[in-house]
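# Quick check, what structure comes out for this input:
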Amino acid sequence: MQDARHSTTKPGKLPAVIPARGWVVAAVHSDGTLAAALALAPPPAAPDWLELRVDAFHARPGALDALVARAPRPFILTVRHPAEGGAAGAPSNAGRRRELYDRFLGCRAVAAVDIEVRSLRSLADVARTARESGRIVVGSFHDFGGVLSASRLREQARRAAGGGADIFKVAATVERPGQLARLLDFI
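Here you go, the predicted structure:
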């Protein structure tokens, strides 16, 4: 039987069995990580997924074309807002971000789109297009200044669900045991 981590699935369809170790996701956010992604060994070598950080290539999205054409792994498509860790100079307006999402949404290997909770309303058409084509919508929240209270995390999760996200993702900087405890309590 083939390992579920590496089975071919339709866009947006997660394998029926999630490996006990979870998935390894590698972000493609620089020329160096792009070169590494292009040189990846075929599955079952890690990573399991690639996160295309299109915001990092906003001035030259064509740089990603060879990787997208090769599609060595399923992709999570991201055009990160600058306020939540987007690349320097990345667009913050919804129109330009929408154009960048649209440029790659036709790629069969795009299995998910990641949109910040703050942007789910302004990019609702991107989420709708992704969902209608069978892709997963991830509503993400980034807290690089310390972990918020459990009630604030629950509020963000509710907003993600209300905005149509299939999955809520938190990216946080944890520097003290109490911050980790808050995340564990939230989970």
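
# And the helices in this structure?
For the chain, the helices defined by DSSP state H cover 31-38, 65-70, 94-105, 124-132, 150-162, 177-186.

# Could you list everything the spatially most central residue of the chain pairs with in the sheet?
Central residue of the chain (CA atoms, centre = their mean): D114, 3.9 Å from the mean position. In this structure, D114 has beta-bridge partners T78, V138, where bridges are defined by DSSP bridges.

# if I look at A112, how far off is K169?
10 Å (CB to CB, to the nearest Å). Using the backbone N, CA and C atoms, a C-beta is placed for each residue, glycine as well.

# can I get the helices of the chain in CSV with mean pLDDT and distance to H58?
Output for those, formatted as CSV (pLDDT from 0 to 100; distance: least, CB to CB, whole Å):
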stretch, mean pLDDT, distance to H58
helix 31-38, 94, 14
helix 65-70, 92, 14
helix 94-105, 96, 6
helix 124-132, 95, 15
helix 150-162, 92, 24
helix 177-186, 86, 30
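
# Mind putting those into JSON lines with distance to L50 and mean neighbour count?
Converted to JSON lines, the helices of the chain look like this (distance: least, CB to CB, whole Å; neighbours: other CB atoms under 10 Å):
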{"stretch": "helix 31-38", "distance to L50": "6", "mean neighbour count": "14"}
{"stretch": "helix 65-70", "distance to L50": "8", "mean neighbour count": "14"}
{"stretch": "helix 94-105", "distance to L50": "12", "mean neighbour count": "17"}
{"stretch": "helix 124-132", "distance to L50": "17", "mean neighbour count": "17"}
{"stretch": "helix 150-162", "distance to L50": "22", "mean neighbour count": "16"}
{"stretch": "helix 177-186", "distance to L50": "25", "mean neighbour count": "13"}
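
# Lovely, talk soon.
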